[in-house]
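A.B. asks: mind looking at a prediction? Sequence and model below.
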Amino acid sequence: MNKLNSVFDNSELIAKKLTGRLTKEESDHFQQWLDSSEQNGIFFRKIQDRHRFFSRNERFEHVDARAAWRKINEAITVEIRKRRFLGFLKYAAVVLLALSIGTTGYFILNRPSDDQQIIQPGAKNAFLLLSNGKSIDLGKEEPGVLKETDGTVIKKSNDELHYTKQERHEEKKVLQDELVVPRGGEYSLVLADGTRVFLNSMSRLVFPVRFSGDKREVFLEGEGYFEVQKDEKHPFVVQVSGMSIQVLGTSFNVKAYQDEPDISATLVEGKVRIKTGDQPEDAYTLEPDQQAVFDKGNATVTVRNVDAATYMQWTAGRYVFTDQPLDEIMKTLSRWYDFEYHYHDESIKTMRFEGGLNKYESIYPILDIISRTGKVKVTLKGKEILFSRQ
């Protein structure tokens, strides 16, 4: 950790060197730091490489730095009272550059190099199970046209399936297909009625190749985000273990993993009706920015107000965590990044953190931030992460 402290302790000197604002005394200090170790020289050369510098900081931006900014902002607020405006602008520029150097130094000196990063982001991948039992690996299947045994046309693009709407069908039996997304995967499909579904890692959706009868019904395990095509005569129903969600036309997220103690339905827009039983008191209606949480242990439902947008960020390539237990965060990330994790002390599970990252980038920045809180030590061994108390 000494090498990291060295970078942070001298980050303002480095910033002033890059901006040509070193005094004679500071220049001597900078040269002493530069000559004190070969690694400092390597680091400074990397910082001077503008492409590498900004590339590293683009990765850092994937981590929520609101807390760090608040601390800097407090310092700047005090400083602005002491300095004239022009002087302050120069000072603020150096402070922000120093912060960037410090965080860049953290990644250069501590994050594994690209060829050492064993934990990698997931990718678009899923298996389509046809009604006749045939399994199609969509990660290997080329874009084109697939067909069900009843003639249903399924168009495959690079990362989405599209079930085409059929004319009136003489066959009475409606075939059921199944889309299974493995650990470290995600996929989307458009159902025959035009409803679009995004499936997260370790999820499974069972659905008809065409809809018939008085409702449109699908079955979900895992997590899915639905953009339902409006049809007032035929409600859309998502069945999950212990709960059904009925809508006419709306956007909502459902999280129903078997290894989690509850099921949640979060409404982005429109209106949904949640049912957990046959009695009137077992039904709940959600408005936008509301979430229903079904506790599988005691079969109770809690409705609360939330920022629904944060619960569907995974469909847009981001994970956002707001004051969540570490164990909850790791469950989400392990499904996508495909790693195992363990705790040296069970009490670590309930420690709460917040932040975010681009899910298509490295996981290491958010692990670095967790480690830097001083509460948890993060140890990586291959595709395993061990959390212990500092």
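C.D. replies: Received the coordinates, thanks. Residues are numbered from 1 along each chain as shown.
A.B. asks: do a quick rundown of the helices in the stretch 51-200 of the chain.
C.D. replies: Applying DSSP state H, counting those that start in this stretch to the stretch 51-200 of the chain gives helices spanning 66-82, 85-110.
A.B. asks: for the one helix or strand residue 28 maps to, name the packing helices and strands.
C.D. replies: Taking DSSP states H and E as the criterion, residue 28 maps to helix 24-36. Packing contacts for helix 24-36, counted by 3 or more CB pairs under 8 Å, 6 or more residues apart in numbering; DSSP states H and E, involve helix 11-19, helix 38-48. Just so you know, the C-beta spots here come from the backbone N, C-alpha and C atoms, and that holds for glycine as well.
A.B. asks: how far out from the middle of the chain is stretch 358-373?
C.D. replies: 11 Å (CA atoms, centre = their mean, to the nearest Å).
A.B. asks: could you do stretch 315-330 as well?
C.D. replies: Mean-position distance between stretch 315-330 and its chain equals 6 Å (CA atoms, centre = their mean).
A.B. asks: report the contact partners of residue 231.
C.D. replies: Taking CB atoms under 8 Å, 6 or more residues apart in numbering, we find residue 231 in contact with 193, 216, 248-249.
A.B. asks: measure it to residue 237 for me?
C.D. replies: Using CB to CB, to the nearest Å, residue 231 is found at 12 Å from residue 237.
A.B. asks: low-confidence ranges in the stretch 1-150 of the chain?
C.D. replies: Across the stretch 1-150 of the chain, the ranges flagged by pLDDT under 70 are 1-12, 15, 18-20, 39, 42-117.
A.B. asks: redo that, cut-off 50
C.D. replies: For the stretch 1-150 of the chain, residues meeting the criterion pLDDT under 50 lie at 1-5, 50-97, 99-104, 106-107, 115.
A.B. asks: residue 121 is in contact with residue 361, correct?
C.D. replies: Yes: between residue 361 and residue 121 a contact is recorded at 6.7 Å, counting by CB atoms under 8 Å.
A.B. asks: tell me, what's touching those two both at once?
C.D. replies: Here residue 361 and residue 121 share no contacting residue, scored by CB under 8 Å, 6+ apart.
A.B. asks: after the longest strand along the chain comes which helix or strand?
C.D. replies: Criterion DSSP state E: the longest strand present in the chain is strand 216-227. Past strand 216-227, further along toward the C-terminus, the next helix or strand under DSSP H and E is strand 236-240.
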